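Peer 1: Okay, sequence plus prediction incoming.
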Amino acid sequence: MKAAVFHGDRRITIADVAPPVARPGEALLRVRRTALCGSDTKLWIKGASFTPGHEIFGVVQQPGHPLDGRRCLVYIPVHCGHCDSCLRGDTQMCLNESVLVGWNRPGGYAEYLAVPDRCLLPVPDDIEDDLAPLLLDTIGTAAHGIRFVQPLAPPAEAGPVLVTGAGPVGMGALIALQNMGYRQVYVSDPKEERLRLAESFGALRRPMGDESMRFKLIVECSGAHAARSRGMEIVLPRGVLILIGENDNPWPVQENKAIRRKDFYMVRTFYFPVSDFPLNVELLRKEKARYRQLVDAQFGIERLPDMFGRFVAGELVKPLLSFA
């Protein structure tokens, strides 16, 4: 089969490799779509020991398996199902497993992969192939973060909300906020094209670095340290700064009066629990027209090296690696 190899130093090649063999408790998935994700940029730069790709949709091809022939998404956190976190419903924070599909086991920039049974999420027939991968990071990660902090900043009390970063997760956060009752959502991003898209979705643009307005709720989706630090400064007393964007580099925080002299919440969330999946499906059903606007390219695996570079450069919002 064809699979992508991330060598590091911004170099990707496509190799012919042996297809995986599903072990007991796993199923073989033929990949149909894998969405590109900004978090894979670190693997593009540093290299990866496994095939990356973690926003994966395909069809189970495992005769005798209960889901054989079914269209499924891959839930990336491998989880045991019986630890305290899993029993509480926090399947993305399993205490016994720390494996993520596409990170420390093979992922979806390949034609096939073996998937643990617990990580298969059947996709309803009315969800088209090209939108299915958005149910994971774009919808799932963003909406889970908003749901998690909603009790701390309810829509009726929040007033204006700020989203920093208008990439796929930022746009997902915008749509989720609006659907959960937040009426005045500002968005900041350095790219004009993304700001225009956010405005077409009903957002108000906010200049980068503008500190003239403070917010009860700030949803940080860029992962940029400058945006995180500024969020700490402009969040209102008793307000919430939620960190959804990722960044592997050290974050040096210079505490100042604007940060030190108030009570506020700084919250980090990760991915989403399996129990959120039906809610994510309903959100997609309601907002299909807007989510379709985020999927702005499809391509075959031979074009992945070029398309990934364009994606990292910000030329594309949510491109899909597509297999026939």
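Peer 2: That came through fine.
Peer 1: in a helix, that's where Ala289 is, yeah?
Peer 2: Yes. Counting by DSSP: H, G, I helix; E, B strand; the rest coil, Ala289 is part of a helix.
Peer 1: how deep is it tucked in, by neighbour count?
Peer 2: 7 (other Cβ atoms under 10 Å). Yep, even glycine has a C-beta here, placed from its N, CA and C like the rest.
Peer 1: Can you show me the strands along the stretch 201-324 of the chain?
Peer 2: Under the criterion DSSP state E, counting those that start in this stretch, the stretch 201-324 of the chain contains strands at 204-205, 215-220, 235-243, 265-268, 298-299, 320-322.
Peer 1: Output the second one as CSV - backbone C-alpha positions only.
Peer 2: The reference is to strand 215-220. Provided in CSV are the C-alpha atoms of strand 215-220 (Å, rounded to 0.1, in the frame of the first residue of the first chain):
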residue,chain,number,x,y,z
PHE,A,215,-13.6,39.6,27.6
LYS,A,216,-15.4,37.3,30.0
LEU,A,217,-14.5,34.3,27.7
ILE,A,218,-11.5,34.0,25.5
VAL,A,219,-11.1,30.8,23.3
GLU,A,220,-7.4,30.5,22.3
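Peer 1: Which among the strands of the stretch 201-324 of the chain is found nearest to Pro66?
Peer 2: Of all the strands of the stretch 201-324 of the chain, it is strand 320-322 that lies closest to Pro66, at 26.8 Å by Cβ to Cβ.
Peer 1: Tell me which other helices or strands that closest one touches.
Peer 2: If you count contacts as 3 or more Cβ pairs under 8 Å, 6 or more residues apart in numbering; DSSP states H and E, strand 320-322 packs onto strand 26-35, strand 298-299.
Peer 1: which residues touch that strand?
Peer 2: Residues from elsewhere that reach strand 320-322 (Cβ atoms under 8 Å, 6 or more residues apart in numbering): 32-36, 53, 108-109, 130, 133, 295, 297-301, 304, 307.
Peer 1: ok, that strand: who's next to it in the sheet?
Peer 2: strand 26-35 (antiparallel), strand 298-299 (parallel) (DSSP bridges).
Peer 1: Buried deepest among these, which one?
Peer 2: Stretch with highest mean neighbour count among the strands paired with strand 320-322: strand 26-35 (a mean of 23; mean count of other Cβ atoms under 10 Å).
Peer 1: next SSE after that strand?
Peer 2: For strand 26-35, the following helix or strand on the C-terminal side (DSSP states H and E) is helix 41-46.
Peer 1: that older thread, tabulate the helices and strands packed on strand 320-322 in a markdown table, adding columns for distance to Arg194 and mean pLDDT.
Peer 2: A markdown table is the format used below for the helices and strands packed on strand 320-322 (distance: least, Cβ to Cβ, whole Å; pLDDT from 0 to 100):
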| stretch | distance to Arg194 | mean pLDDT |
| --- | --- | --- |
| strand 26-35 | 17 | 98 |
| strand 298-299 | 20 | 98 |
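Peer 1: Point to the residue nearest the middle of the chain.
Peer 2: Asp137 (2.4 Å; Cα atoms, centre = their mean).
Peer 1: quick one: contacts for it?
Peer 2: Ala35, Cys37, His54, Glu55, Pro168, Val169, Gly172, Tyr271.
Peer 1: Okay, the nearest residue to the third one once chain neighbours are set aside and Val253: tell me how far apart.
Peer 2: The one in question is His54. For His54, ignoring the flanking residues on the chain, the nearest one in space by Cβ to Cβ, 6 or more residues apart in numbering is Gly102 at 3.2 Å. Going from Gly102 to Val253 by Cβ to Cβ, to the nearest Å gives 30 Å.
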